[in-house]
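Trainee: Quick one, fold the following:
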Amino acid sequence: GSGYHQTAPVFYKNFIKPYLYIFVNKNQKIKLFFALLSIFYYLYFFIIRHKSSNIYIHNLCDVVNCFTFETMCYIIKFQADISQHPYPKYIARIHRLCLSVLQTIYNYREKRTFVMKNMLNFKNFTADELMDILNLALDMKKNPDKYAHALEGKKLYTLFEKTSTRTFLSFTTGITELGGTYYNQLWKDSNFTLGEPVSEIKYVCRNVDIIMARLVKNETVELFGNNVTVPFINGCDSSYHPCQILADALTIIEKFGSLDVKLMYIGAKNNVFNSLVEFFAKMKKGTIYGLTPLVNNTVCGDDFFEAAKATGHYIELDPTMSMEEAKKYAKDMDILYTDTWVDMEFFNNPAYKQQKEETLAKMMPYQLNEEFTEGSKAIVFHDMPMHQGFEISQGVIDKNLNHILDEAENRRHAEKAVMYTLLNS
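Mentor: Coordinates of the predicted model:
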């Protein structure tokens, strides 16, 4: 399966190349024929590979492109003077054109570099790339057997500074379903708390193929992103939660058929909200309406939100708006979204008790409850864990639990697509 592209060069060198040399050397017309054939097959399979998400198609195309690329290299290097042969001028012109095209492809193959991608947020991804990830996730969910060996032999390192249920389960079951393995470590049990962090990061990279870390501070995520030598995924930090939003987007596509929805977020301006805004602005589909009376300390400043507003896909509502006024907006929404008002690592922390009580008192009027959702056709999203009686009532949970669980389950499928994409970037 996944080893085809590695064994193809060896097979070519030992079994195909010697006979190709003998055969092609015989006649200039045969050389011309191989040049044309090589161009056709190389370009054809290059296009097929990039349009398909099937791992077996990728392997087949890798093999064919290895053969055709080697043939190109040989033809280019074998620069016989065609003018010495009594061939018509048009053959000479075609031959020179073929050599020119082959040389261009050869130079591209020789000079190109593969840029390793990380997912810290959505900044270094285009809308098309994110859509490709979502389409791949849909296919992986629909056809799990097709991808059962897609990441066979790959090792995932998961590192947790923050507590987790969904992030741990979704990544570890995800890599397992793709044929890989995982190694989990808690931040407090690691030497990241003791040693010089950059050398620790580079050591971890020598042992695994991909890293996912769920960390408290965004600057720690950036430190990983700047120093890893294998793909790195931000499993959540104080400023961004990209994998959660990809799961949300996957759920939106499944339930509404596209991303062209109206989503109203009510709660804290936090990591989940930041990534939602970034996603909608990047995709330029759908609209997010933000009612955020509480503003958390994140790296996303005014410039971030102003740029999102300029796309027309983010509308910032007056944070002093009453819930009666907000209810008028809710009636036109497809999705109502809320999140915890207090970060989970502080919710049961005695040292945070006073600030927690002040936050809850300020935010209680903005609870998603039966009174607020009455008359709205919208379904309710929550990224979990939920604190019933605070940001969301038990009645609204009961009515929308299947939607919320679909959203949570899709973390696994979205993250499988992210891991596969980054490992093949």
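Trainee: Against Gly267, how distant is Lys362?
Mentor: Look at Lys362 and Gly267: by C-beta to C-beta, to the nearest Å, they are 12 Å apart. For glycine as for every other residue, the C-beta is placed from the backbone atoms N, C-alpha and C.
Trainee: higher neighbour count, these two?
Mentor: Of the pair Lys362 and Gly267, Gly267 is the one with more neighbours under other C-beta atoms under 10 Å, namely 24 against 12.
Trainee: re earlier: please enumerate the shared neighbours of Lys362 and Gly267.
Mentor: Taking C-beta atoms under 8 Å, 6 or more residues apart in numbering as the criterion, Lys362 and Gly267 both touch Leu294.
Trainee: count of neighbours near Ser164?
Mentor: For Ser164, using other C-beta under 10 Å, the count is 17.
Trainee: Can I take it that it is in a strand?
Mentor: No. Counting by DSSP: H, G, I helix; E, B strand; the rest coil, Ser164 is not part of a strand but coil.
Trainee: Touching, it and Ala213? I think so.
Mentor: No. Assessed by C-beta atoms under 8 Å, Ser164 is found out of contact with Ala213, at 10.9 Å.
Trainee: Next, show the common contact partners of those two.
Mentor: Gly235.
Trainee: can you give me the helices for the stretch 101-250 of the chain?
Mentor: With helices called from DSSP state H, counting those that start in this stretch, the stretch 101-250 of the chain shows them at 127-142, 166-177, 197-205, 218-227, 242-256.
Trainee: Now tabulate these in a markdown table and tack on mean pLDDT.
Mentor: Below are the helices of the stretch 101-250 of the chain laid out as a markdown table (pLDDT from 0 to 100):
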| stretch | mean pLDDT |
| --- | --- |
| helix 127-142 | 96 |
| helix 166-177 | 98 |
| helix 197-205 | 96 |
| helix 218-227 | 97 |
| helix 242-256 | 98 |
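Trainee: Excluding residues flanking it in the chain, which one is nearest Leu294?
Mentor: Counting by C-beta to C-beta, 6 or more residues apart in numbering, Leu294 lies nearest to Ala268, which is 4.2 Å off, once chain neighbours are set aside.
Trainee: do the same with Phe381
Mentor: Tyr337 (4.4 Å).
Trainee: Report how many residues lie close to that neighbour.
Mentor: Residue neighbour count, defined by other C-beta under 10 Å, stands at 25 for Tyr337.
Trainee: Sketch out the low-pLDDT regions of the stretch 301-425 of the chain for me.
Mentor: In the predicted model, the stretch 301-425 of the chain carries pLDDT under 70 at residues 344-347.
Trainee: how about the helices in it?
Mentor: Under DSSP H, counting those that start in this stretch, the stretch 301-425 of the chain gives helices at 302-310, 323-330, 344-347, 353-363, 370-373, 394-423.
Trainee: so which of the helices of the stretch 101-250 of the chain is the most packed in?
Mentor: helix 242-256 (a mean of 22; mean count of other C-beta atoms under 10 Å).
Trainee: quick one: the next helix or strand after that helix to helix 323-330, angle?
Mentor: Following helix 242-256 in sequence order, the next helix or strand is strand 262-269 (DSSP states H and E). Calculated by axes from the mean of the first three to the mean of the last three C-alpha atoms, to 10 degrees, strand 262-269 forms an angle of 140 degrees with helix 323-330.
Trainee: Report the strands that pair with strand 262-269, each with its relative direction.
Mentor: Strand pairing for strand 262-269, using DSSP bridges, gives strand 287-295 (parallel), strand 335-338 (parallel).
Trainee: would you turn those into CSV with distance to Asn349?
Mentor: Below are those laid out as CSV (distance: least, C-beta to C-beta, whole Å):
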stretch, distance to Asn349
strand 287-295, 18
strand 335-338, 22
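Trainee: Single out the most deeply packed of those.
Mentor: Using mean count of other C-beta under 10 Å, strand 335-338 ranks as the most buried of the strands paired with strand 262-269, with a mean of 24.
Trainee: what comes into contact with that strand?
Mentor: Against strand 335-338 from outside (C-beta under 8 Å, 6+ apart): 248, 252, 261-267, 276, 330, 368, 373, 376, 378-382, 391-392.
Trainee: again, only using 7 Å
Mentor: For strand 335-338, contacts defined as C-beta atoms under 7 Å, 6 or more residues apart in numbering pick out 261, 263-267, 330, 368, 373, 376, 378-382, 391-392.
Trainee: Restricted to buried residues, select these in ChimeraX.
Mentor: The buried subset of the contacts of strand 335-338, as determined by 16 or more other C-beta atoms under 10 Å, is captured in ChimeraX by this line:
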select :261,263,264,265,266,267,330,368,373,376,378,379,380,381,382,391,392
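Trainee: I'd guessed Gly375 sits against Lys331; true?
Mentor: Yes. Assessed by C-beta atoms under 7 Å, Gly375 is found in contact with Lys331 at 5.6 Å.
Trainee: quick one: contacts for Leu423?
Mentor: Leu151, Lys154, Asp209, Ile210, Pro231.
Trainee: okay, the residues you listed in JSON lines with distance to Phe160, neighbour count and pLDDT next?
Mentor: Shown next, in JSON lines, are the contacts of Leu423 (distance: C-beta to C-beta, whole Å; neighbours: other C-beta atoms under 10 Å; pLDDT from 0 to 100):
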{"residue": "Leu151", "distance to Phe160": "21", "neighbour count": "26", "pLDDT": "96"}
{"residue": "Lys154", "distance to Phe160": "20", "neighbour count": "20", "pLDDT": "97"}
{"residue": "Asp209", "distance to Phe160": "19", "neighbour count": "19", "pLDDT": "97"}
{"residue": "Ile210", "distance to Phe160": "16", "neighbour count": "26", "pLDDT": "98"}
{"residue": "Pro231", "distance to Phe160": "18", "neighbour count": "22", "pLDDT": "97"}
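Trainee: And those, which is closest to Gly257?
Mentor: Distance ranking of the contacts of Leu423 against Gly257, using C-beta to C-beta, places Leu151 first at 29.4 Å.
Trainee: With that, I have no additional questions.
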